[in-house]
Every structure is written in C-alpha cells, then in structure tokens.
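Undergrad: Generate a structure from the sequence data that follows.
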Amino acid sequence: MFHITVFALGAIIASNASAHQVINAEAGRVGPGSTPAVNYRMHKAIELPNKPGHLNRLAAVDTQDKPRCAADGVCNLAVCSATQDPDCPNDLPPGAGAEPATTAAVSLETVDCTSTQSVDILAVAWNLVDDWTNFERTIESATGSNLGNCIRSRFRDNARVICEQQTNCNNKGRCVLGRSSPLNKTTRIFGTFFNNIANAAAPDRRACYAALLMHEFSHSCDRVFEQPRAEARETAAFTYWRTRFPGTSGWTRTGTNGTGCGLD
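TA: Numbering: from 1, shown residues only. Coordinates of the predicted model:
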C-alpha cells in the first residue's frame, strides 16, 4: 500500500525555487495511474494550521481523487498548485505545488515483488522517464556513451523485473545482486540487494534501484556483454538520483552493512 510522503513546511519553502523540486522532494513520486488498483492512505501526516480551527495535510502523492484539486482535506501538491487546491494553507509561498503531470504512467512489469519493492521500482522508472532529457544528458556526459532508445524503453514500458527474494551466492560467498542478458527484456534482482537496502529510507533505496536498473538495462540492451560501460552508467545514475533526491548523508553506492547499496 502506498504511504503518502508528507512535506514539512520548511522543506516546501526551501524548495520554492523550482516547482519541479517541490513535486519531487524526498523520494520522488510514482507516475499518475501507474498502479490504479492501489488504495492510498495518509501516513504520519503533518497537520498545519490554515484558518482558525482548520487543519490541513500536505501530501506529495497524487491521491487520485476526482477532481484531484477539489476540497478533500488533503493539499495535493504533487498534482495541484497551492492556489488550485482549496485545502492548501493560505500562506504557502508563491509557486508551491504543480500542475498535473503530463508524463504518462510507466508500464514496465514487476513480478514476485513486495508492494514496497514494486512501488520503488515504478517510482524510479517514472521519475527517470519524466526527466529523461536531463537524465540522458547527465549519463552521457559522465560516461561518454550514448544511451539510445532501448534503455528508455526498458524504464518506460517493456522491461520485466523479477524480484527473487532468495540470495544468489556462490560457494565463496560472492553474491549476485542483479542479472540480465543481452537483448532480453527480463531483469532479475536477488535477495542480497533487497537485504542491503531493507532498512534504508526511500530516497536511499531508490538511488540504489536507479543504479542497479541502469546497470542491468544496459546489459539487456547491449548486443555484447559490456561490463565497464554498464558500471559507468550505474555510477552516473546513482549520482543523478542522489543529486535530485538527496537522502541520508553517507549513503553510498558501494557501502555495505547499512551504509549503502552494496553495488560494486
């Protein structure tokens, strides 16, 4: 079940320089309509005073109400501007919130994943596709290699991501975190990866997913197994996500024992 990410008022004010930053504070959001069967609920909502005796909740996730910007007791800043939604406090800074997103929902398939794993994977895919021009430019600048259309299609609509909850380790104790084959749309993520990020905050987990999926999708799109290029893209994707959605200080791509993704 979705947990609604909640804005602290100070974070909204700090992010006011860009509506894009306000939308995507903390973990980033899942694209509209990506999992329509899921019910939304408030989780640890922050209540802020608006009018005397009237409290509002600020939500960073689209609650799917129809109409979305109507009076429903939630200030839906993910898809509404502060002036559009009558539930938003009167003293929010100009430009807070957003217009409804125009990027279509991603439709890559997740198999045997927990609800949290599926939501994280879809959130990463949607945010990368939504910001693809900037993401592509960042990765290509960092790696010197062209991403092409195949990787974008993997994130957007044609990947099949299987969550293997068991570890995949050899007799020397070296464990595989993910696996893909050239020109194959199926990617497997193994239990060691999930264990590495199990207690991480959402922005940290999703930085790891962005890195791992970029690595595996690179393998699935390349005609030959090209490990150095996949690793370079993995590093660049992790840096991109951490820059866009800052998480816990000290969380790294290669860290282990609760300090990072455990990627190498």
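
Undergrad: isn't residue 182 right next to residue 223, touching?
TA: Yes. Residue 182 lies in contact with residue 223 (CB atoms under 8 Å); the separation is 5.8 Å. (Glycine included, C-beta is placed from N, CA and C.)

Undergrad: Looking only at neighbour counts, state which of those two leads.
TA: residue 182 (13 against 7; other CB atoms under 10 Å).

Undergrad: show me what contacts that one?
TA: 219, 220, 221, 222, 223, 224, 225 (CB atoms under 8 Å, 6 or more residues apart in numbering).

Undergrad: Drop anything exposed from these.
TA: The neighbour-count criterion (16 or more other CB atoms under 10 Å) marks 219, 220, 221, 222 among these as buried.

Undergrad: give me the number of residues near residue 91?
TA: Neighbours of residue 91 using other CB under 10 Å come to 11.

Undergrad: pretty sure residue 146 contacts residue 140?
TA: Yes. Judged on CB under 8 Å, residue 146 makes contact with residue 140 at a distance of 6.2 Å.

Undergrad: ok, the two, which is more surrounded?
TA: The neighbour count for residue 146 versus residue 140, taken as other CB under 10 Å, is higher for residue 140 (15 against 9).

Undergrad: what's the distance between the more buried one and residue 260?
TA: As judged by CB to CB, to the nearest Å, residue 140 and residue 260 stand 25 Å apart.

Undergrad: What mean pLDDT does stretch 129-146 get?
TA: Mean pLDDT, stretch 129-146: 94.

Undergrad: in it, what counts as buried?
TA: Buried residues in stretch 129-146 (16+ other CB under 10 Å): 129, 130, 131, 132, 135, 136, 138, 139, 143, 145.

Undergrad: So which residues make contact with that stretch?
TA: 31, 101, 103, 106, 128, 147, 152, 155-156, 214, 229, 232-233, 235-237, 239-240, 244.

Undergrad: Which ones among the residues you listed map onto helices?
TA: By the criterion of DSSP state H, membership of the contacts of stretch 129-146 in helices covers 128, 152, 214, 229, 232, 233, 235, 236, 237, 239, 240, 244.

Undergrad: Check what pLDDT the fifth one gets.
TA: Per-residue pLDDT puts residue 232 at 96.

Undergrad: show me the contacts for it.
TA: Here residue 232 is in contact with 142, 143, 145 (CB under 8 Å, 6+ apart).

Undergrad: just to revisit the earlier point, state the pair within the ones in helices among the contacts of stretch 129-146 that is farthest apart.
TA: Using CB to CB, these span at most 22.4 Å, a distance reached by 229 and 244.

Undergrad: who's more crowded, the two?
TA: Per other CB under 10 Å, whichever of residue 229 and residue 244 has more neighbours is residue 244, with 20 against 16.

Undergrad: Read off the pLDDT value for that one.
TA: 93.

Undergrad: quick one: it and residue 115, what's the gap?
TA: Residue 244 is 24 Å from residue 115, where distance means CB to CB.

Undergrad: would you list every one of the helices in the stretch 101-250 of the chain?
TA: 115-130, 132-143, 148-153, 191-197, 202-221, 227-244 (DSSP state H, counting those that start in this stretch).

Undergrad: Poorly predicted segments of the stretch 101-250 of the chain, please.
TA: Within the stretch 101-250 of the chain, the stretches with pLDDT under 70 are 101-104, 225.

Undergrad: switch the cut-off to 50
TA: Low-confidence segments of the stretch 101-250 of the chain (pLDDT under 50): 101.

Undergrad: What are the structural domain limits within this protein?
TA: According to automatic domain parsing, the chain comprises the domains 1-102, 109-244.

Undergrad: did I read that right, residue 75 in a helix?
TA: No. Going by DSSP: H, G, I helix; E, B strand; the rest coil, the assignment for residue 75 is strand, not a helix.

Undergrad: What residues are bridge-paired with it?
TA: residue 58 (DSSP bridges).

Undergrad: wait, doesn't it sit right on residue 82?
TA: Yes. Counting by CB under 8 Å, residue 75 does reach residue 82; the two are 7.3 Å apart.

Undergrad: sorry, back to before: buried subset of the contacts of stretch 129-146?
TA: Among the contacts of stretch 129-146, those classed as buried by neighbour count (16+ other CB under 10 Å) are 31, 101, 106, 128, 147, 152, 155-156, 214, 229, 232-233, 235-237, 239-240, 244.
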